[in-house]
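Novice: task: produce atomic coordinates for the following.
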Amino acid sequence: TLLETIIAVAIFAIIAMVVASAMISHYRLYNFSDIQNDLKSQSISILDRIARVANESAGITASHAFGALSLTSTSTTIVFQLPAKNASDNIINGIYDYIAFKKSPTSTILYEYVDAGAGSVRKTAGKTLSTLVANVIFRYNSNVAASSTNAEALLSLIKILNGTPKTFTNSITVYLRNKQ
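Specialist: Below you'll find the model as predicted:
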């Protein structure tokens, strides 16, 4: 009958709305989880890179000129001095490479700059490490960055999901084992 058909259609519509709502919620949760995993993975990769450079470094330097770009170790920039190595992985006495990490003050880009010393296996270059950096803060255990024996890097990444910012914050403390 008509009444039974209307009731059946209404029940089907309610069930369909519940299933659709559950699917949409699952999809949103999956996207959120996927973004969080992406941000976590990227932050770990960046912090690992900073730690590797710090572990090889002779220390943090106050400033260095990377071509025409002069960078100073501050709360948003860190400049490391590393012994230069040749192709045989031997240290070149008296020659240093410089590697800096700097967040753009006007965007969400984190850059890595390399200035290789003469004969070094490292190559002078600048590259983008991430385009998702909301904030980076470098904290030094000394008032003078170049006198520090360790530094903390606090990194916040951000990605927009359906118009809503999703963030992930991670940090690492690096100890300068080769500080001269």
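Novice: partners of K102 in the sheet?
Specialist: Judged by DSSP bridges, the bridge partners of K102 are T77, Y111.
Novice: cool, and Y175?
Specialist: Per DSSP bridges, the residues bridged to Y175 are N150.
Novice: can you check P83 too?
Specialist: The residues listed as beta-bridge partners of P83 by DSSP bridges are Y96.
Novice: likewise G126?
Specialist: According to DSSP bridges, beta-bridge pairing links G126 with Y113.
Novice: the one 10 residues further on too?
Specialist: Beta-bridge partners of V136, counted by DSSP bridges, are L155.
Novice: what's the neighbour count on it?
Specialist: 22 (other Cβ atoms under 10 Å). In short, each C-beta sits where N, CA and C put it, glycine included.
Novice: I158: which element?
Specialist: strand 150-161 (DSSP states H and E).
Novice: now A100
Specialist: strand 91-103.
Novice: so Q36 sits in a strand?
Specialist: No: counting by DSSP: H, G, I helix; E, B strand; the rest coil, one finds Q36 to be helix, located in no strand.
Novice: as CSV, could you dump the C-alpha coordinates of stretch 93-109?
Specialist: The C-alpha coordinates for stretch 93-109 follow below in CSV (Å, rounded to 0.1, in the frame of the first residue of the first chain):
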residue,chain,number,x,y,z
ASN,A,93,92.5,21.2,8.3
GLY,A,94,91.7,24.9,8.7
ILE,A,95,88.8,24.8,6.2
TYR,A,96,85.2,25.1,7.3
ASP,A,97,81.8,24.7,5.7
TYR,A,98,78.8,26.6,7.0
ILE,A,99,75.2,25.4,7.2
ALA,A,100,72.3,27.6,8.2
PHE,A,101,68.6,27.0,8.8
LYS,A,102,66.4,30.0,8.5
LYS,A,103,62.6,30.5,8.4
SER,A,104,61.4,33.1,6.0
PRO,A,105,59.9,36.0,7.9
THR,A,106,57.1,36.5,5.4
SER,A,107,56.1,32.9,4.6
THR,A,108,55.9,29.3,5.9
ILE,A,109,59.2,28.4,4.2
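Novice: the strands in the protein, which residues?
Specialist: 59-60, 63-66, 69-72, 77-85, 91-103, 110-115, 125-130, 133-140, 150-161, 164-175 (DSSP state E).
Novice: among those, which is nearest A16?
Specialist: Checking the strands of the chain against A16 by Cβ to Cβ gives strand 150-161 as the closest, at 26.0 Å.
Novice: thank you, goodbye.
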